[in-house]
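Engineer: fold the following for me, if possible:
(chains A and B)
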Amino acid sequence: DAGITQSPRHKVTETGTPVTLRCHQTENHRYMYWYRQDPGHGLRLIHYSYGVKDTDKGEVSDGYSVSRSKTEDFLLTLESATSSQTSVYFCAISDRPGTNYGYTFGSGTRLTVV
Amino acid sequence: AQSVTQLGSHVSVSEGALVLLRCNYSSSVPPYLFWYVQYPNQGLQLLLKYTSAATLVKGINGFEAEFKKSETSFHLTKPSAHMSDAAEYFCAVTSFSGGYNKLIFGAGTRLAVHP
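Structural biologist: Down below sits the predicted model:
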């Protein structure tokens, strides 16, 4: 999807374990975002980044942390996975988020916490 | 803060019938509005976006949306549904808070198309 890849695509993990999801872009976009998608809720913003080492919380950030040490990589970590974090996670990138350019999305990571 | 509401979580139409997916927004400033489509087991794809240049916006696959400020609406339409249109559709608005812009999504509408 336009130079954005997510890994892994699928993961099953046990409750209480840490999990890290990776988003990698080749577009050199400044802004990166992590969303989760759940039925009836659409996509909800977890965390976002507006530059290397610059991150902030979204509306559903509890239980998640992020890191961005390079422009191209944005990592999402579930510190201690819970069943409520079973979801599909999408990464998005943008170079002009305050305009009508929209975002480009990755293909998603389906995470199941058992 | 900006927000969007999509009316109807599921819409079912017959092939060849009109498709109408409803989206209302809330914004204190002129909004940037988008429709995204998600096919099964795929990511989100931009269908169309509102630019202030025209209130009627044409997108891919024959879809269009009309921005109506007086009704705070940005409904998505297609004159004749095709089986391949079956997907989930999301309306989104750009929201400015905390010093940065973010994209806020509606809950989505799943479109089913019957033969």
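
Engineer: from here on, contacts and neighbour counts on C-alpha atoms
Structural biologist: Noted.

Engineer: any idea what the nearest residue to B:Phe96 once chain neighbours are set aside is bridged to?
Structural biologist: Distances taken as Cα to Cα, 6 or more residues apart in numbering or on different chains place B:Lys102 nearest to B:Phe96, at 6.3 Å, with adjacent residues excluded. Applying DSSP bridges to B:Lys102 gives these bridge partners: B:Ser95.

Engineer: my guess is B:Lys102 meets B:Leu33, correct?
Structural biologist: No: between B:Lys102 and B:Leu33 there is no contact under Cα atoms under 8 Å: 11.9 Å.

Engineer: SS state for the residue in chain B positioned nearest to chain A?
Structural biologist: For chain B, the residue closest to chain A is B:Ala107, as judged by Cα to the nearest Cα, at 3.8 Å. Three-state assignment for B:Ala107 (DSSP: H, G, I helix; E, B strand; the rest coil): coil.

Engineer: related to what we said a few turns ago, common neighbours of B:Lys102 and B:Leu33, please.
Structural biologist: B:Thr94 (Cα atoms under 8 Å, 6 or more residues apart in numbering or on different chains).

Engineer: centre-most residue in chain A?
Structural biologist: Taking Cα atoms, centre = their mean as the criterion, A:Trp34 is the residue nearest the geometric centre of chain A, at 2.7 Å.

Engineer: if I look at the residue of chain B closest to chain A, how far off is A:Cys23?
Structural biologist: 24 Å (Cα to Cα, to the nearest Å).

Engineer: in chain A, which helix or strand is least confident?
Structural biologist: Every helix and strand in chain A was compared by mean pLDDT, DSSP states H and E; the lowest is strand A:104-105, with a mean of 90.

Engineer: return the list of strands paired to the helix or strand that that strand is followed by, each annotated with direction.
Structural biologist: Next helix or strand after strand A:104-105 toward the C-terminus (DSSP states H and E): strand A:109-113. Strand A:109-113 sits in its sheet next to strand A:10-13 (parallel), strand A:87-94 (antiparallel), going by DSSP bridges.

Engineer: any stretches of chain B with poor pLDDT?
Structural biologist: Residues of chain B meeting the criterion pLDDT under 70: B:97-99.
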